[in-house]
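Trainee: Fold the following.
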Amino acid sequence: MHILRKTSSESIRSKFRPAWFRPAALAVLLLFPTHAFAVDSAFVGSLLVPGLGQAHQGHYTRSAVFAGAAVLSGFGLLVAQVHYNEAVDKLDAQKRIYASYEETLSEGGVVSIVDLEGTYSEMEASFNAAEDRLVWRNAFLVGFVATYAVNLIDVLVSKPYDVERDPRLSVDVSPTGGVRITKAFRF
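Mentor: Numbers count the residues shown, from 1 in each chain. All right, here's what the predicted structure looks like:
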């Protein structure tokens, strides 16, 4: 005789939520007031597209630097991933050929030692090429993630550009009669 027990949705949720979850969530809400979680549009812009939040705040040079770095590292990552996939496919093809030689030998067939050594050396070269391309792919990946992270940190730390506080063009007249014109770039 089987006894069926009906489970409520609360008991199902409690199976997947550890016992410390509610006290921890309450502690986080008490320690950090709700205004600390307020997100402005500059952060959301930078979250979507690196550099957009800096442009929203008026820091156009930083915006161009972050957007350019994200585009370059993203494009590099894409190209490196394609080349890595090609190298891995070539390595897999060489492995299949080498495995087919093993099958031929186990069935009593004959395989030339030149073919075995040639396939093995090509397989080794393909493995080294795949490793080299993996290093490049990982470098571009680290660059992309670092650009994205620094972009988000920058938009959180920086303040909107204040035109009155920091003029772009200044003119200084010296007592000797000289004039010095200075152009300031925002970064």
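Trainee: Now do the same for the nearest residue to Met123 once chain neighbours are set aside: helix, strand or coil?
Mentor: Using CB to CB, 6 or more residues apart in numbering and skipping residues adjacent in sequence, the residue nearest Met123 is Gln94, 3.9 Å away. Any C-beta I mention is one placed from the backbone N, CA and C, and that applies to glycine too. Recorded secondary structure, Gln94: helix (DSSP: H, G, I helix; E, B strand; the rest coil).
Trainee: Gln94 contacts Asn128, correct?
Mentor: No - at 11.9 Å, Gln94 and Asn128 do not qualify as touching, with contact defined as CB atoms under 8 Å.
Trainee: Have a look at the two and say which one is more surrounded.
Mentor: Counted by other CB atoms under 10 Å, Gln94 and Asn128 do not tie: Gln94 has more neighbours, with 19 against 12.
Trainee: List the residues that contact that one.
Mentor: Gln94 is in contact with Thr119, Glu122, Met123, Ser126, counting by CB atoms under 8 Å, 6 or more residues apart in numbering.
Trainee: if I look at the residue nearest the centre of the chain, how far off is Pro50?
Mentor: Centroid-nearest residue in the chain: Val145, 3.0 Å away (criterion: CA atoms, centre = their mean). Taking CB to CB, to the nearest Å as the measure, Val145 falls 11 Å from Pro50.
Trainee: and if you look at Pro175?
Mentor: For Pro175 relative to Pro50 (CB to CB), the value is 47 Å.
Trainee: Who has more neighbours out of the two?
Mentor: Pro50 (28 against 5).
Trainee: which residues touch that one?
Mentor: Applying CB under 8 Å, 6+ apart to Pro50 gives the contacts Phe66, Ala67, Ala69, Ala70, Thr147, Tyr148, Asn151.
Trainee: ok, now Leu105?
Mentor: Listed by CB under 8 Å, 6+ apart, the contact partners of Leu105 are Val111.
Trainee: rerun that using 10 Å as the cut-off
Mentor: By CB atoms under 10 Å, 6 or more residues apart in numbering, the contact set of Leu105 is Val111, Leu116.
Trainee: Tell me where the model's unsure across this structure.
Mentor: Counting by pLDDT under 70, the low-confidence segments of the chain come to 1-18, 28-39, 161-171, 182-187.
Trainee: What ranges does it have for its strands?
Mentor: In the chain, the segments counted as strands under DSSP state E are 169-173, 179-183.
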